[in-house]
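Undergrad: Based on what follows, work out the 3D shape:
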Amino acid sequence: MTRILGLIPARMAASRFPGKPLFPILGRPMLEHVFERARRYPRWDALAICTCDAEIQAFAKAKGYPVVMTRSDHVRALDRVAEAAEKLGFTPDANDIVLNVQGDEPMMHPDMIAATIAPMEDRPSEVRGTILAMDIVDENQYRNPDALKIIHDLKGRVLYTSRAPLPYCKSFSPELGAKRIYGIFGFRWSFLKLFTELAPSPLEIKEACDSNRLYDHGHHQHIAPFPYRPSFSVDSPHDIAIVEAAMAEDPLWGTY
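TA: Prediction:
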């Protein structure tokens, strides 16, 4: 039977926004928003925060959230998630699914988690990993290097992820079909384990994007398409006001 594990990686030493996971949004630490929203997905066999920081561990324990301590030298979130999965007793069984739910997505909804898992369950022999891919409808986001863009083929296999505005156009319009990564990544556990065994790659390092390691080594993730919804990530302190304004109108706010 397939088990589903959710892990939320978080660390205090984010280069652009130190202390970001515990920064308050509408009076609650950002990590609290992420965990409370993620726990509303009904099919978890386990859901936990993974971190190398004592401050985050203390916060999680105070809230009663499961937390796994990991090494402090991980550069990529997926390496941290893989270590935590092993510490929770998961083994690289081909059927188990591990989700990396990024800790800077305080407006995430449980249906986004379901959408990330769906391609792996619908096409188990074909899809080993997924990226939640949301439509870009705003030119500012299209041009924003903090929003990672996805290029994929006709079968939905991701070819490349980039901070550049892709696919290229002089005059943006929603009909371009541009998509961005939304911070939920799904893996068959064996595929995530493979990621950790591959050497860091040139495009991974240049674009500062975990997933490019797989493509550089000839492996594929698939997009998990999701229609546009007003939902903003937190990459810098400037984003807090944007998120707070949008979250005040969000139906999940006030339910936890």
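Undergrad: so which strand or helix has residue 7?
TA: strand 4-10 (DSSP states H and E).
Undergrad: Just name whatever secondary elements that strand is in contact with.
TA: helix 30-38, strand 46-51, helix 77-87, strand 97-101 (3 or more C-beta pairs under 8 Å, 6 or more residues apart in numbering; DSSP states H and E). C-beta coordinates here come from the backbone N, C-alpha and C atoms, glycine included.
Undergrad: who touches it?
TA: 21, 31, 34-35, 38, 41, 43-51, 53, 56, 68, 77, 80-81, 84-85, 88, 90, 96-103, 113, 117, 189 (C-beta atoms under 8 Å, 6 or more residues apart in numbering).
Undergrad: Give me the buried entries from these.
TA: 21, 31, 34-35, 38, 41, 44, 46-51, 53, 56, 68, 77, 80-81, 84-85, 88, 90, 96-103, 113, 117, 189 (16 or more other C-beta atoms under 10 Å).
Undergrad: What's the end-to-end length of stretch 170-177?
TA: 14 Å (C-alpha to C-alpha, to the nearest Å).
Undergrad: let me redo that: stretch 16-31
TA: Stretch 16-31 end-to-end distance (C-alpha to C-alpha) = 17 Å.
Undergrad: Kindly report the same for stretch 41-55.
TA: 26 Å.
Undergrad: what's in contact with it?
TA: 3-13, 21-22, 31, 35, 38-39, 56-57, 60, 65-72, 74, 80-81, 83-84, 88, 103, 110, 113-114, 117.
Undergrad: next one: that stretch to chain centre, how far?
TA: 13 Å (C-alpha atoms, centre = their mean, to the nearest Å).
Undergrad: swap in stretch 221-230?
TA: Using C-alpha atoms, centre = their mean, the offset of stretch 221-230 from its chain centre is 12 Å.
Undergrad: what's it in contact with?
TA: Contacts of stretch 221-230 (C-beta under 8 Å, 6+ apart): 107, 109, 112, 115-119, 126-137, 150, 152, 155-158, 179, 182, 184-186, 211, 214, 246, 249.
Undergrad: For that stretch, list the C-alpha coordinates in PDB.
TA: What follows is stretch 221-230 as a C-alpha-only set of coordinates in PDB (Å, rounded to 0.1, in the frame of the first residue of the first chain):
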ATOM      1  CA  GLN A 221       9.700  15.300 -13.500                       C
ATOM      2  CA  HIS A 222       6.200  16.100 -14.800                       C
ATOM      3  CA  ILE A 223       4.200  19.200 -14.300                       C
ATOM      4  CA  ALA A 224       1.100  18.900 -12.000                       C
ATOM      5  CA  PRO A 225      -1.000  21.700 -13.600                       C
ATOM      6  CA  PHE A 226      -2.900  24.000 -11.400                       C
ATOM      7  CA  PRO A 227      -5.000  26.900 -12.600                       C
ATOM      8  CA  TYR A 228      -4.100  30.400 -11.500                       C
ATOM      9  CA  ARG A 229      -5.200  31.400  -8.000                       C
ATOM     10  CA  PRO A 230      -4.100  34.500  -6.100                       C
END
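Undergrad: any chance you could map the helices in this structure?
TA: Using DSSP state H, the helices of the chain run over 30-38, 54-63, 77-87, 110-122, 139-143, 189-197, 202-207, 212-216, 239-247.
Undergrad: Not counting its neighbours along the chain, what's nearest residue 194?
TA: residue 219 (7.1 Å; C-beta to C-beta, 6 or more residues apart in numbering).
Undergrad: Can you name the residues that contact the closest residue to residue 1 other than its chain neighbours?
TA: Excluding the flanking residues, the one nearest residue 1 by C-beta to C-beta, 6+ apart is residue 95, at 7.7 Å. Neighbour list for residue 95: 1-3, 124, 188 [criterion: C-beta under 8 Å, 6+ apart].
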